[in-house]
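Q: Fold the stuff below for me.
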Amino acid sequence: MRFQSLLIRGRLVRRWNRFLSEITIDGGETVRAHCPNPGTMMGLNGPDTPVWIEPNDDPKRKLRFGWRLVELPDGEWAGVDTAVPNRVVGEALRARAIPALAAYGTVRPEVRYGTRSRVDFLLTEPGLPDAYVEVKNVHLRRDGDLAEFPDCVTLRGARHLDELTRMVAAGHRAVMLYLVQRTDCARFRLAADLDPGYARAFGAATAAGVEAICFDTAISPEGVELRHELPVAR
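A: The predicted model follows:
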C-alpha cells in the first residue's frame, strides 16, 4: 500500500484529543492534522516526537493533513493510521500473499454478519468453508521486541471475537488477523493487563476454533507493506 501523497516530516506539538493533533512541520509552520487513531497511542504521542503527515487537497475534509507515521530511534517506524491495516491486508489477500488464506480467490470487504457487525473481509472459494477475517491494528510496544494489543479497553474488539466464534459454530472459518504497524517487533501477545475482558474473549474464541495470526510490516514514508508472520503468544 502506497500513500497517495508525498509525506511531510515534522514534530508533534501535542495531540489535542483522539482525532486532532498539532504538528510543526520541518521549516517552521505549525499545522493541525487529523489523528486517525481512537486508541491511547501509548509511547507514540509525546511532545517533540518526529512524525510524518500526509497532505490532501480534498475540499470536503476539514483538515489539510493526516498523521500517518512516527519516526522511531535507530531507523525504525510505527504507523498510527488505523485504516491502513485493512488496505494492506486487502492487497495481500487479493495477491494470495497470506499463506493460511491463499486458497481463497474471492475477497469481499465490509460484509454484514452476526447481529450488528461488518466483517473486514469475507473470503470465498468453491469447495471451501467461507472465511471471516477481522483485522486489528497493533502499534503498542512496552517490552523488548513484543508487540501488544490492545492499548486500551476495546469492547468492540471483544464483540468481534464473539461474532467470529458464532461463525465457527455455524461451520465457517474465522480468523483474527493482527497487523503490527511497527518495524521493531518480532513477537506478539495480548496486553491482558490493559484489557482483561478482551484477553478472556480471545481465550474463549481461540478455544472454540477462531484462528489467530499476526504479521508485521515494512514501513517507510512511501508506504506500508505486509512482511513476516510473527508468533502469537498463547
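Q: quick one: pLDDT of the residue most central in space within the chain?
A: Residue closest to the average C-alpha location in the chain (C-alpha atoms, centre = their mean): residue 137, at 1.8 Å. Looking at residue 137, its pLDDT is 97.
Q: ok, now which ones touch it?
A: For residue 137, the contact set (C-beta atoms under 8 Å, 6 or more residues apart in numbering) comprises 37, 79, 82, 84, 85, 179, 181. All C-beta atoms are positioned from the backbone trio N, CA, C, and that covers glycine.
Q: Please determine how far the second one is located from residue 219.
A: Spelled out, that is residue 79. Relative to residue 219, residue 79 is positioned 6 Å away (C-beta to C-beta, to the nearest Å).
Q: between those two, what contacts are shared?
A: In terms of C-beta under 8 Å, 6+ apart, residue 79 and residue 219 are both contacted by the residues 69, 181, 182.
Q: And these, which is closest to residue 102?
A: residue 181 (22.5 Å; C-beta to C-beta).
Q: Can you pull the phi/psi pair for that closest one?
A: Main-chain dihedrals, residue 181, degrees, to the nearest 10: phi -90, psi 60.
Q: Quick check: nearest residue in space to it, chain neighbours excluded?
A: Closest residue to residue 181 apart from its sequence neighbours, by C-beta to C-beta, 6 or more residues apart in numbering: residue 79 at 3.4 Å.
Q: ok, now how distant is the one you found from residue 96?
A: Distance of residue 79 to residue 96, computed by C-beta to C-beta: 23 Å.
Q: same thing with residue 231?
A: 22 Å.
Q: how deep is residue 224 tucked in, by neighbour count?
A: The number of residues packed near residue 224 is 25, by other C-beta atoms under 10 Å.
Q: Alpha carbons of the helix or strand hosting it, in PDB - could you do that?
A: Here residue 224 sits within strand 223-230, counting by DSSP states H and E. Output of strand 223-230 as PDB, limited to C-alpha atoms (Å, rounded to 0.1, in the frame of the first residue of the first chain):
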ATOM      1  CA  GLY A 223       4.000   3.200   2.100                       C
ATOM      2  CA  VAL A 224       3.300   0.100   4.200                       C
ATOM      3  CA  GLU A 225       3.500  -3.500   3.100                       C
ATOM      4  CA  LEU A 226       2.900  -6.900   4.600                       C
ATOM      5  CA  ARG A 227       6.200  -8.500   5.700                       C
ATOM      6  CA  HIS A 228       6.700 -11.500   8.000                       C
ATOM      7  CA  GLU A 229       4.400 -13.700  10.000                       C
ATOM      8  CA  LEU A 230       5.000 -13.300  13.800                       C
END
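Q: as a whole number, average confidence for that strand?
A: Mean pLDDT, strand 223-230: 97.
Q: Surely residue 157 is within a strand?
A: No. Assessed with DSSP: H, G, I helix; E, B strand; the rest coil, residue 157 is helix; it does not lie in a strand.
Q: sorry, back to before: I'd guessed the residue nearest to residue 181 sits against residue 68; true?
A: Yes. At 6.7 Å, residue 79 and residue 68 qualify as touching, with contact defined as C-beta atoms under 8 Å.
Q: which one of these two has more residues nearby?
A: Comparing residue 79 with residue 68 by other C-beta under 10 Å, the one with more neighbours is residue 79, at 27 against 23.
Q: got a list of what that one touches?
A: 68, 69, 70, 137, 139, 181, 182, 217, 219, 224.
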